[in-house]
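J.: Task: produce atomic coordinates for the following.
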Amino acid sequence: MAAPLRQGFHSARRRGWRSLMDGKEDITVLSHQSSLGGSDVKTQIVPPQPEKLIPPGFLSHPRTCGLVGMPFSWGQPRGGTDQGPDLMRKRGVANYITKLEWRFEECGNVEFEEPRLSDPTNPKYRNLKNSYAVGRACQNLAERTYEVASAGKFTLVMGGDHSIALGSIAGILKARPELSIVWVDAHADINTPESSPSGNLHGMPISFLMGLTEAKIPGFEWLEDYPKLDPSKLAFVGLRDVDPGERATIRKLGIQAYTMYEVDRYGIGNVMEHCLNHLSPDNSNPVHLSYDIDAVDPDFAPATGTMVRGGFTLREAHYIAERIAETGMLGSMDIVEVNPSLSCAEGGEETVELGVHLVASALGNRIM
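T.: Now for the predicted structure:
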């Protein structure tokens, strides 16, 4: 199969609202002035067709999105990811959600304690960084996402670094045991305390969710009360920087993994069809989308901490969220690793805006 044409456009935008009537549909157009040549750049919000507004059985009616902020950055060494939730709020994520015919519930930011020198550790795993703080923070998040998901709400978690997915997914999995996970990331994040070359816990959430380590890490005891993630219910999309230990684990467990090689060879459309059919052939399982902004090429998402060239174009990035939304079974999402402190002001704004737009795509925004 021929490789698809991979292209996109790069822009920085300023806010401005106007509404248009196109036939029977109310289309909201966000009009922005681009810094590139002064051309006018628009982003439209197109609500779903009425038949798409009927939620699946695990979501309440009317459709409600509960937003949980997790301004946490201690799973990796760079500050700044803690700014992500509030910056995406300021960028207008709630307006996008309500324009897409969702009720919106602001659930606030999860509280947590920062690391202390007196925090308990396991002497055998001294390389783990801030492990007690990460574990306890994720416990707090798991309790919150369990509450939101159990109430039948679309559970949107805005981070924060990707270590928070341990908490977000644990809580949602407890509320929805048949949950399938689409993990969109340049990295596999399935290292264990034994295999991790860095000790950064944003590279380990999946191993803890699956119970792949026998290490007793203070702060993680709460996981004993939560279900384990079945490897057959996970699929990676967009991998391009995988550690040797992770590669061995993925092969050993038979986890479905689509690297950028498969995306280049087959196209993102075919990759997503295969992915979704693998996770739920009859389209009956709730789906969680865990979206790391570094899956997108740095040309389009420069403000993130672990950039790797050769990522998704803008359209590929949006198509992933659009296609999962189209199944009607997407009930929760993480958007993580937005770090505006690691780029110029323009790059930070663009990355924050992309995070908001990806949320809109996941919640049903479409072209027609």
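J.: Next up, the contacts around the residue nearest to S131 when sequence neighbours are not counted.
T.: In this structure, S131 finds its nearest non-sequential neighbour in I217, 5.3 Å apart by C-beta to C-beta, 6 or more residues apart in numbering. Every residue, glycine included, has its C-beta placed from N, CA and C. I217 makes contact with 122, 125, 128, 131-132, 135, 193 under the criterion C-beta atoms under 8 Å, 6 or more residues apart in numbering.
J.: Can you classify I217 as helix, strand or coil?
T.: Under DSSP: H, G, I helix; E, B strand; the rest coil, I217 falls in the coil class.
J.: list the buried ones in stretch 247-261?
T.: Within stretch 247-261, the residues that qualify as buried are 249-250, 255-260, counting by 16 or more other C-beta atoms under 10 Å.
J.: Please flag which of these sit within strands.
T.: 256-259 (DSSP state E).
J.: And these, which is closest to A325?
T.: Y258 (18.4 Å; C-beta to C-beta).
J.: how would you label T351: helix, strand or coil?
T.: With three-state DSSP as the basis, T351 sits in helix.
J.: That one: how many residues sit nearby?
T.: Per other C-beta atoms under 10 Å, the neighbour tally for T351 reads 26.
J.: And it, how far from C275?
T.: Distance check for T351 against C275: by C-beta to C-beta, to the nearest Å, it reads 25 Å.
J.: Please indicate which of the contacts of I217 has the highest neighbour count?
T.: Ranking those using other C-beta under 10 Å puts S131 first, with 28 neighbours.
J.: what's near enough to touch that residue?
T.: 119, 121-122, 125, 201, 217-220.
J.: go with 7 Å
T.: By C-beta atoms under 7 Å, 6 or more residues apart in numbering, S131 lies in contact with 121, 201, 217, 219.
J.: That one and C275, how far apart?
T.: Relative to C275, and taking C-beta to C-beta, S131 is found at 32 Å.
J.: tell me, what residue is most central in the chain?
T.: Y291 (2.4 Å; C-alpha atoms, centre = their mean).
J.: That residue in helix, strand or coil?
T.: Y291 ends up strand, using three-state DSSP.
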